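Asker: fold the following and give me the result.
(one chain, ligands or ions: 1)
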Amino acid sequence: MKLRSMCGMAMIVMGLAPSASAQGPSGYEVHDGRRPQPVVMMPGTFSTQDQPGKPPSDAIVLFDGKDLSNWESVKGGDAPWKVVDGDIQNVPGSGDIQTRQQFGDVQLHVEWLEPQGTKGRSQERGNSGVFLQGLYEMQVLDNYKSETYADGMAGAIYGQYPPLVNACRPQGEWQIYDIIFHAAKLQDGKVVRPARVTAFFNGVLVQDDTDLLGPTRYQILATYPASLPDKGPLRLQDHTSPIGYRNIWVRSLSAEKPPPPIKPAGQYDYEKMHH
Ligand code: MG
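Answerer: Prediction:
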């Protein structure tokens, strides 16, 4: 217990020292007027069933209804899927597609649709998937009044964590994933910090800061390899069921959060400095 709290103290001191030297002040006060102002951006708009929303101004737009120029086949070459009436449709059997650009920590927005008439049961019913960093599958499946194993449902981290609730909409309706992903940190073959996912499914929390066991595996307990790339593509799965996607964007996230204040309000109080 004692050792633990000492380690904690050491980590706090070590954590503050580098950012303090990099940013000038050696720790902020509450309401500190020296703190940098956040970057100004324009938020987007929400989607309706009829129309995709507008991405935020600082997003990297991966699909805006026009073409698949930001995507490629995982086998190499151009993406073999189609754009029909502003939406992506997979070509069943053509294989997964992935972004040409690679990402680490991201906020991801992606919308998907199970076409009317999707048939089959369990994993054969409208299966697709969103692979974060190309490694971790957030399952896409038609689970509206259709059962499968819990860690294989829509909103699940496939083979690891079921969604907190089943928030699936019926076939023919757009469904929305809003995901916050932090890449795993590995050092000298050890996991310093596992990959983490927070996810909203149709606006409902389904993964709450979930620590992932490792890259997605089928029927095998996931573990981390000795090393992983810092970045990877976003990948969409072709599981041979027809599936639609639209309005896909990411915002790259900084691994560093602003440090908390370490003193009460004092001489750098914003109101004192600016009025
Ligand atoms: Mg899948």
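Asker: and stretch 113-131, end to end?
Answerer: 17 Å (C-alpha to C-alpha, to the nearest Å).
Asker: skip the chain neighbours and tell me the closest residue to the residue of the stretch 51-200 of the chain found nearest the ion.
Answerer: Proximity of the stretch 51-200 of the chain to the ion (C-beta to the ion) peaks at G129, 3.2 Å away. Heads up, the C-betas are built off the backbone N, CA and C, glycines and all. Leaving aside its chain neighbours, G129 sits nearest to Q237 (3.7 Å; criterion: C-beta to C-beta, 6 or more residues apart in numbering).
Asker: re the thing from before, list the residues that contact the residue of the stretch 51-200 of the chain closest to the ion.
Answerer: E137, M138, Q139, V140, Y158, L236, Q237, H239 (C-beta atoms under 8 Å, 6 or more residues apart in numbering).
Asker: wait, K82 touches I97, no?
Answerer: No. Between K82 and I97 there is no contact under C-beta atoms under 8 Å: 10.9 Å.
Asker: these two: which is more packed in?
Answerer: I97 (26 against 12; other C-beta atoms under 10 Å).
Asker: okay, now the closest residue to the more buried one other than its chain neighbours: neighbour count?
Answerer: Nearest non-adjacent residue to I97, counting by C-beta to C-beta, 6+ apart: A79, 4.3 Å away. Residues near A79, counting by other C-beta under 10 Å, number 25.
Asker: so what pLDDT did A79 get?
Answerer: With respect to pLDDT, A79 has a value of 98.
Asker: try M14
Answerer: 41.
Asker: what of P258?
Answerer: Value listed for P258 in the pLDDT field: 87.
Asker: wait, is it part of a helix?
Answerer: No. Assessed with DSSP: H, G, I helix; E, B strand; the rest coil, P258 is coil; it does not lie in a helix.
Asker: can I assume it is in contact with R35?
Answerer: Yes. P258 lies in contact with R35 (C-beta under 8 Å); the separation is 7.4 Å.
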